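In: no sequence on this one, just coordinates:
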């Protein structure tokens, strides 16, 4: 039995993720952020002062990946870290003024990246695709719980 990668949801999802990442990278680079930083920015735009542990829990990212992402964001002037007032071992993460000012443009860049990849989709097709993606992600989360 031959494996047809174009019939594989896993293979296609990987290609699609890379496509979205590339489309966001092109737009985000002009604003000063990388695609891997965007989920962290979204969380911090929603609620500043989170700890690295809270970000890990919310974003389901590996510890090493998160540490590298935060170090790069700090280096790039997007975040600052401050000692947690109640937990000497933790640091809270805050956005810089630069990162706060780019929120609208960054969200618009992400929407434009999505639109470029979903060009030609009817609204209901996009909604169905998103629903199917959420279902697959829920299955993946359940699978992770039973592993």
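Out: Looks like it came in fine. As the structure is a prediction and not an experimental result, all values here were calculated from the model.
In: center of the chain, which residue is that?
Out: The centre of the chain sits closest to residue 39, judged by Cα atoms, centre = their mean, with a distance of 3.0 Å.
In: and the residue lying closest to that residue once chain neighbours are set aside, what does it touch?
Out: Ranked by Cβ to Cβ, 6 or more residues apart in numbering and with sequence neighbours excluded, the top spatial neighbour of residue 39 is residue 59, at 5.2 Å. For every residue, glycine as well, the C-beta is placed using N, CA and C. Taking Cβ atoms under 8 Å, 6 or more residues apart in numbering, we find residue 59 in contact with 39, 40, 43, 66.
In: ok, now how distant is residue 59 from residue 132?
Out: To residue 132, residue 59 is 22 Å away according to Cβ to Cβ, to the nearest Å.
In: how about the secondary structure of residue 89?
Out: Classification of residue 89 using DSSP: H, G, I helix; E, B strand; the rest coil returns coil.
In: how many neighbours does residue 124 have?
Out: Using other Cβ atoms under 10 Å, residue 124 has 8 other residues around it.
In: would you check how far apart it and residue 130 are?
Out: Taking Cβ to Cβ, one finds residue 124 at 11 Å from residue 130.
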